[in-house]
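A.B. asks: Build me a model:
(one chain, ligands or ions: 1)
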Amino acid sequence: MKEPVVGIIMGSKSDLDVMSEAAKVLDELGVANEVRILSAHRTPAEMIDYVASAQDRGLKVIIAGAGGSAHLAGVAAAHTSLPVLSIPVKRDGHDHEALFSNVMMPPGIPLATMPENGGKNAALLAIAILSLSDQELSKSYQGFRRKQHDAVLEADAQVQSDGWQKTLGKNRG
Ligand code: RP5
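C.D. replies: Numbers count the residues shown, from 1 in each chain. Below is the predicted model of the structure:
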């Protein structure tokens, strides 16, 4: 088994549904990753230890997600010089507190904040970063982008030939 190059961390088991979207995309493109539940508030020492040792253990990117006051990603970024991508976890009834807390980092400690619940894009950005030094992965990533591009053109061709009403009906099954 390949050693993980992406560490996915989250503040609570309750974040796993959102964060697993990142793991799924990394798995699909063959990027070895590890998933950990480490809270900035409830397990601060373990969380800092994990992040501070990440680079020496071979990790290249960290994806961190939390909701509410969402300190996890910012504190992680403070303890490593690896790129840290944050996923603000948003639930019904939340405002945008996690997003705002993540984008308001002080100058000097960068944090790449993804869309709310944006596990997929976090994984793809991690892949884009890793692709800079991994030709095989770069090819897989280009392939993914091409497939996505072709799917849109196919949908456009369908709506042009069948009309929007029929296309909508087909999509509804
Ligand atoms: C945050 O508080 C966690 O990341 C989670 O998004 C939220 C709620 O945590 P639980 O009370 O469900 O453990 O720290």
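A.B. asks: Now do the buried residues in the biggest helix by length in the chain.
C.D. replies: Scanning the chain for the longest helix, with DSSP state H as the assignment, gives helix 135-162. Under the neighbour-count criterion of 16 or more other C-beta atoms under 10 Å, helix 135-162 has Leu137, Ser140, Tyr141 buried. In short, each C-beta sits where N, CA and C put it, glycine included.
A.B. asks: was I right about the last one contacting Ala128?
C.D. replies: Okay, so that is Tyr141. Yes: judged on C-beta atoms under 8 Å, Tyr141 makes contact with Ala128 at a distance of 6.5 Å.
A.B. asks: ok, which residues in this protein are in contact with the ligand?
C.D. replies: By C-beta under 6 Å from any ligand atom, the residues of the chain that approach the ligand are Met10, Gly11, Ser12, Ser14, Asp15, Ser39, Ala66, Gly67, Gly68, Val89.
A.B. asks: Which one (most neighbours) among the residues you listed?
C.D. replies: Counting neighbours by other C-beta atoms under 10 Å, the top entry in the residues of the chain next to the ligand is Ala66, with 30 neighbours.
A.B. asks: Touching the helix or strand of the chain with the lowest mean pLDDT from outside, list them.
C.D. replies: Least confident helix or strand, the chain: helix 164-172 with a mean of 89, by mean pLDDT, DSSP states H and E. Residues outside helix 164-172 that contact it (C-beta atoms under 8 Å, 6 or more residues apart in numbering): Ala155, Gln158, Val159, Asp162.
A.B. asks: Can you dump the C-alpha atoms of it in PDB for me?
C.D. replies: Only the C-alpha atoms of helix 164-172 are listed here, as PDB (Å, rounded to 0.1, in the frame of the first residue of the first chain):
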ATOM      1  CA  TRP A 164     -35.200  21.700 -22.700                       C
ATOM      2  CA  GLN A 165     -38.600  20.100 -21.800                       C
ATOM      3  CA  LYS A 166     -37.600  16.600 -23.000                       C
ATOM      4  CA  THR A 167     -34.100  16.900 -21.500                       C
ATOM      5  CA  LEU A 168     -35.600  17.900 -18.200                       C
ATOM      6  CA  GLY A 169     -38.000  15.000 -18.300                       C
ATOM      7  CA  LYS A 170     -35.200  12.500 -19.100                       C
ATOM      8  CA  ASN A 171     -33.100  13.900 -16.200                       C
ATOM      9  CA  ARG A 172     -36.000  13.400 -13.800                       C
END
